[in-house]
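Participant: Give me the fold of what follows.
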Amino acid sequence: MGEDRSREKTHPFLDIEYQLYYGSARPTKVFNLTMLKVISIIFVALGLIGVYYLASIAPVPTMTIDQIYGQYLLNYATVIVKGNVTGIPYLSERSGRISIRFPINDSTGEMNLYIYDPEASVALKQCNESFSKCKIPFPGDYVEALVQVRVRETYTYGIIQSIDFLKLKRNSMTPVNVTSLSISMENMYVRASGIVTSTRNVSSGLLLDLDTGEDTITVLVPKALDYMYRDNRDYLMRKQSLMVGIKANISGIVYLYRGVSPEIVPRCKEDIEIQPLSIKEVTLSEIPALVGEVVKVDVVMGQVEYESGKYVVTVYDDTGSVEAVFDKDTFVSEFDPYNIGTGSRLSIVGTVESPSRIVVMDYDVIERYPSPLLAIGDISEELDGYTVVVRGIITGLSIGSSYTIFYLEDETGRIKVFIPSSTFSILSRKALVEEGNRITLAGYIDVYRGELEIVVYTSGGIQSSGYPVPGEGEGIPVLPGAAPTPPTGGEKVSIAELENYIGSAVTVEAVFNSIGYDSDRKLYVLEISDNTGSTKALASSSLTRSVIDPWSVGCGSKLEIEGVVKQDPQLGVYIDVSSISVIEPVEPPTVSVAEAKDMPLGTIVIIEDVSVENPPTSPTGNWIFRISDETDEIKVFIPSSAVDKIPSDVKQAVMNGEIVSIAGYVDEYRGELEIVVYAGSGVRK
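Facilitator: Okay, here's the model as predicted:
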């Protein structure tokens, strides 16, 4: 019986086997692999586009704060949150990078939202351009934001990764006129007009009191505005004009400080309006009789000095000299020492703060005098405060957290260079500050602890060695008058005779009995007496610290005081001091802590070899710590302006809790005795 072979040959498996193993077989179909690759790539791309499209139209969940807070599964999730802003925006800068923080509340809870650089800088730039574009929220504003949630063990917050995803609705743009504030006005946008009666710098900004005629209103110009309007001269002038005696219109949101104290918080520079002033054009010899008045003077710029957040420039005309106080940011940004140095002619408008000081509100540079290019060997103590330019090689470079120090050498000598950290962080040519580099630098001469140094204070203060110096070939400027001298005193009188000389300059010889500080006037109060009576003498911080050395000039010292006699309902007849000379010094007593507590308030004492308890952690700001010996312990307060003058090695000793000696006066604050160290020299190792 025969087999059917034809079916076997046509079996598909046998056909495949035939084509695989028999070389003479020809392929029945050809596939283009390149085409297959292209097709597969197209399908992948279409898939990705589809996924992206679906993701873009998929709704981001809107969640309440109580649904988010503490939920670890939501860490790094993207959600939408909505709520009312409940606090003043807080801005900070570290290593040149800015962050913005503000709290929101949606009735279920409260959470902080953050904006980091580069988005923070974009937001600030928009605010500087126009407040209508500004996306920095203030109390009472309503926000809707797309945030990335961050959940920590005890803290949950959101990060706004693009300001395009921040929607902001201001609670009001039309202010309500008010003459007093109440808790019920929280988050209202209001406007108050009045006279500024006091100003003080606090950690959150500039705090001032505004007398409306019916009540005194507290105003806080927040530091957020300093960031929003950095290098904006219009804002700087508005802020700097907020001085005692100035009439102003202030708009802003009513914010409850600690939930109970209402204060106005301006949201933009336009919220600060300075009313037209009555300005007197005078010479410097007329200044002592115009305290509290707004004046205009044409002067020559003299010596520069830094004083706790501001720059003090001695200015001259043919009739005398006074100190002109400039806002730090204004001076640093606009007084480039390469082009505007000692010898430049200025027109200044400002308030006369004391017989020897004007607080600058506005100014114009009439004639520039560039700082001269000098050989280092030509610099001497006679140039203390003058602005100069030098060239040389960097040696002994030391970069610290609060300052940078090095020596600059040329063929004629070497000089120390000091750059505060606030300046070093903004140097435009920071990379040039390296050991062995040859550079050009501009700054002012200072004498610190008997050593000459140049202080670099502007962002452009460091330049390359080949930088074209405008003042090359210029000489040291000759200032009007023989030398910077304070306004001289008038007739020598006794204390009993002062009431007959109100408004006049006098000279008094008296015994110094005690010292205190008037925080409203920002002046030191010296109690003085002679054999006819006693009175008070009010002196500036710089003058007091420079003359009343707490180690050698104690209570009982005999002083010669020059100034203008004034009268005040609280103080009575007193002397507004322009000059103090020590005639017969009496050394303060050296006491134990227990003995210091028994001394009369205002007495200067020396307490040696004490232990520092609860030492301060920051090299700047007000210092509050405790000292102890074997007899007792007591609180020590050092104002920031004095902290700035403490030598760095002594600062470190205090911060390390080492043994130190203290010189200051006994005071009482909120029922607790303390030692006030009013001079940077008042702490020794």
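Participant: Please list the residues outside whichever helix in the chain runs longest that contact it.
Facilitator: Among the elements of type helix in the chain, defined by DSSP state H, the one spanning the most residues is helix 33-57. By C-beta atoms under 8 Å, 6 or more residues apart in numbering, the list of residues contacting helix 33-57 from outside is empty. Placement of C-beta: from N, CA and C, glycine included.
Participant: In a helix, Val190, correct?
Facilitator: No. According to DSSP: H, G, I helix; E, B strand; the rest coil, Val190 belongs to no helix; its state is strand.
Participant: Give me the secondary structure label for Leu543.
Facilitator: Counting by three-state DSSP, the three-state call for Leu543 is helix.
Participant: can I assume it is in contact with Ile580?
Facilitator: Yes. Counting by C-beta atoms under 8 Å, Leu543 sits close enough to Ile580 to count as a contact (6.2 Å).
Participant: Got the phi and psi for the residue lying closest to Tyr189 once chain neighbours are set aside?
Facilitator: Distance criterion C-beta to C-beta, 6 or more residues apart in numbering; nearest residue to Tyr189, sequence neighbours excluded, is Ser172 at 3.8 Å. Backbone torsions for Ser172, taken as degrees, to the nearest 10, come to phi -170, psi 150.
Participant: now swap in Leu113 and tell me
Facilitator: When read as degrees, to the nearest 10, the backbone of Leu113 gives phi -110, psi 140.
Participant: again, but for Ser552
Facilitator: The phi/psi pair for Ser552 (degrees, to the nearest 10) reads phi -130, psi -20.
Participant: How much space separates it from Ile638?
Facilitator: With the distance defined as C-beta to C-beta, to the nearest Å, Ser552 ends up 19 Å from Ile638.
Participant: try Lys223
Facilitator: Lys223 sits 23 Å away from Ile638 when distances are taken as C-beta to C-beta.
Participant: Between those two, which is the more surrounded one?
Facilitator: Neighbour tally, Lys223 and Ile638, criterion other C-beta atoms under 10 Å: the higher count belongs to Ile638, 26 against 19.
Participant: Hmm, that one is touching Ser681, no?
Facilitator: No. Counting by C-beta under 8 Å, Ile638 does not reach Ser681; the two are 11.5 Å apart.
Participant: in the stretch 51-200 of the chain, what spans have low per-residue confidence?
Facilitator: In the predicted model, the stretch 51-200 of the chain carries pLDDT under 70 at residues 51-58.
Participant: Repeat that for the chain.
Facilitator: Using pLDDT under 70, the flagged stretches of the chain are 1-32, 51-58, 449-450, 481-489, 520, 618-621.
Participant: Let me see the ranges of the helices in it.
Facilitator: With DSSP H, the ranges of helices along the chain come out as 5-9, 12-21, 33-57, 65-68, 119-129, 223-228, 233-240, 328-334, 421-424, 541-547, 593-597, 640-643, 648-655.
Participant: where's Met35 relative to Ile42, distance?
Facilitator: With the distance defined as C-beta to C-beta, Met35 ends up 11 Å from Ile42.
Participant: Contact partners for the closest residue in space to Gly475 that isn't next to it in sequence?
Facilitator: Spatially, and ignoring its direct neighbours in sequence, Gly475 is nearest to Pro372 (6.2 Å; C-beta to C-beta, 6+ apart). Taking C-beta under 8 Å, 6+ apart, we find Pro372 in contact with 341, 388-389, 471-472, 474-477.
Participant: cutoff 6 Å now
Facilitator: Taking C-beta atoms under 6 Å, 6 or more residues apart in numbering, we find Pro372 in contact with 471, 474, 476.
Participant: Top of those by number of neighbours, please.
Facilitator: Compared across those, Gly471 has the highest neighbour count, 23 neighbours, by other C-beta under 10 Å.
Participant: which residues touch that one?
Facilitator: Taking C-beta under 6 Å, 6+ apart as the definition, contacts of Gly471 comprise 370-373, 389.
Participant: Could you rerun that using 10 Å?
Facilitator: Contacts for Gly471 were tallied using C-beta atoms under 10 Å, 6 or more residues apart in numbering; they are 337-339, 341, 343, 368-374, 387-389, 442, 477.
Participant: and Arg626, bridged to which residues?
Facilitator: Residues found in beta-bridge contact with Arg626 (criterion: DSSP bridges) are Glu613, Lys635.
Participant: Let me see the ranges of the strands in the stretch 51-200 of the chain.
Facilitator: For the stretch 51-200 of the chain, strands defined by DSSP state E, counting those that start in this stretch occupy the ranges 78-85, 90-94, 97-105, 110-116, 142-151, 156-159, 166-169, 176-177, 189-202.
Participant: for these, which one sits closest to Val456?
Facilitator: With C-beta to C-beta as the criterion, Val456 lies closest to strand 90-94 of the strands of the stretch 51-200 of the chain, at 19.7 Å.
Participant: follow-up on the earlier one: how about TSV for the strands of the stretch 51-200 of the chain, with mean neighbour count and distance to Ser428 added?
Facilitator: Conversion of these to TSV gives the following (neighbours: other C-beta atoms under 10 Å; distance: least, C-beta to C-beta, whole Å):
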stretch	mean neighbour count	distance to Ser428
strand 78-85	19	36
strand 90-94	14	17
strand 97-105	19	17
strand 110-116	19	24
strand 142-151	19	34
strand 156-159	19	30
strand 166-169	15	31
strand 176-177	12	45
strand 189-202	17	28
